[in-house]
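K.L.:
Using only what follows, build the 3D model:
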Amino acid sequence: MTSKALKKLIIMALFTALVTIATMVIQIPTVATQGFINVGDTMIFAAGIIMGPKFGLVAGGLGSALADMLSGYSHWAPWTLVIKGVEGLIVGILAHKRFETGKRVSGITVLATLVAAVWMIFGYYIAGGIMKGFPAALASIPANVIQGVGSVILAIPLLHAFCKINIPKD
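P.N.:
Residues are numbered from 1 along each chain as shown. Model (predicted):
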């Protein structure tokens, strides 16, 4: 394994761990979602925007699914793996190049996080609909909106801080 490949693997593992930790540190259980509100999406946004779509996909999917399993919500883990992985992929596709080029948080960055949050809300609505019925899944939307918007708000200052840090790409 080359030094460059090893650095990328280590950074991906670190972002995956950060997603898991951010998801588990603040958990507000909700009856409506049969899960919890968390701030893990903030780190998914950071992984995808700073390091790119592949990092967002892996860190978002694995980190969030691992948090589900460690928190006693294993029944959500397969859904979370896909939903949060795609969330990281979306934000990475939409915002990584712009962020990497300009090293600043732009309107595109904010828009990308909002689009990814909308995907997360939709994804959990579909998953909840399959698991417990679509009328019941509607009740989870407000909690997921709070989680998504809260994570977007938290991601902005975090990304500003990362603008000042030189993360090695090679």
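K.L.:
what comes up buried for stretch 69-86?
P.N.:
For stretch 69-86, the neighbour count (16 or more other C-beta atoms under 10 Å) marks 69, 71, 73, 76-77, 79-81, 83-86 as buried. Using the backbone N, CA and C atoms, a C-beta is placed for each residue, glycine as well.
K.L.:
what's the answer for stretch 131-141, then?
P.N.:
Residues of stretch 131-141 classed as buried by neighbour count (16+ other C-beta under 10 Å): 137, 140-141.
K.L.:
same thing with stretch 106-117?
P.N.:
Of the residues in stretch 106-117, those buried under the neighbour-count criterion (16+ other C-beta under 10 Å) are 109-110, 112-113, 116-117.
K.L.:
List the ones among the residues you listed that fall in helices.
P.N.:
109-110, 112-113, 116-117 (DSSP state H).
K.L.:
Reformat the buried residues of stretch 106-117 into JSON lines and put pLDDT next to each item.
P.N.:
Output for the buried residues of stretch 106-117, formatted as JSON lines (pLDDT from 0 to 100):
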{"residue": "Thr109", "pLDDT": "95"}
{"residue": "Val110", "pLDDT": "96"}
{"residue": "Ala112", "pLDDT": "98"}
{"residue": "Thr113", "pLDDT": "98"}
{"residue": "Ala116", "pLDDT": "98"}
{"residue": "Ala117", "pLDDT": "98"}
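K.L.:
And those residues, which is closest to Asp41?
P.N.:
Ala117 (6.7 Å; C-beta to C-beta).
K.L.:
could you point out which element follows the helix or strand Ile49 falls within?
P.N.:
Counting by DSSP states H and E, the element that carries Ile49 is helix 40-51. Using DSSP H and E, the helix or strand that follows helix 40-51 in sequence is helix 53-70.
K.L.:
Tell me which other helices or strands that following helix touches.
P.N.:
The contact analysis (3 or more C-beta pairs under 8 Å, 6 or more residues apart in numbering; DSSP states H and E) places helix 53-70 against helix 3-25, helix 40-51, helix 77-102.
K.L.:
Would you mind getting the angle between that helix and helix 40-51?
P.N.:
Interaxial angle of helix 53-70 relative to helix 40-51 (axes from the mean of the first three to the mean of the last three C-alpha atoms, to 10 degrees): 160 degrees.
K.L.:
CA atoms of helix 53-70 as CSV?
P.N.:
These are the backbone C-alpha positions of helix 53-70, laid out as CSV (Å, rounded to 0.1, in the frame of the first residue of the first chain):
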residue,chain,number,x,y,z
PRO,A,53,-18.2,11.8,-2.5
LYS,A,54,-16.5,8.4,-1.8
PHE,A,55,-15.5,9.6,1.6
GLY,A,56,-19.0,10.9,2.3
LEU,A,57,-20.5,7.6,1.1
VAL,A,58,-18.3,5.4,3.2
ALA,A,59,-18.1,7.5,6.4
GLY,A,60,-21.8,8.4,6.2
GLY,A,61,-23.1,4.8,5.6
LEU,A,62,-20.7,2.8,7.8
GLY,A,63,-20.4,5.4,10.6
SER,A,64,-24.1,5.9,11.0
ALA,A,65,-25.0,2.2,10.6
LEU,A,66,-22.4,1.4,13.3
ALA,A,67,-23.9,4.0,15.6
ASP,A,68,-27.4,2.4,15.1
MET,A,69,-26.0,-1.0,16.0
LEU,A,70,-24.1,0.2,19.0
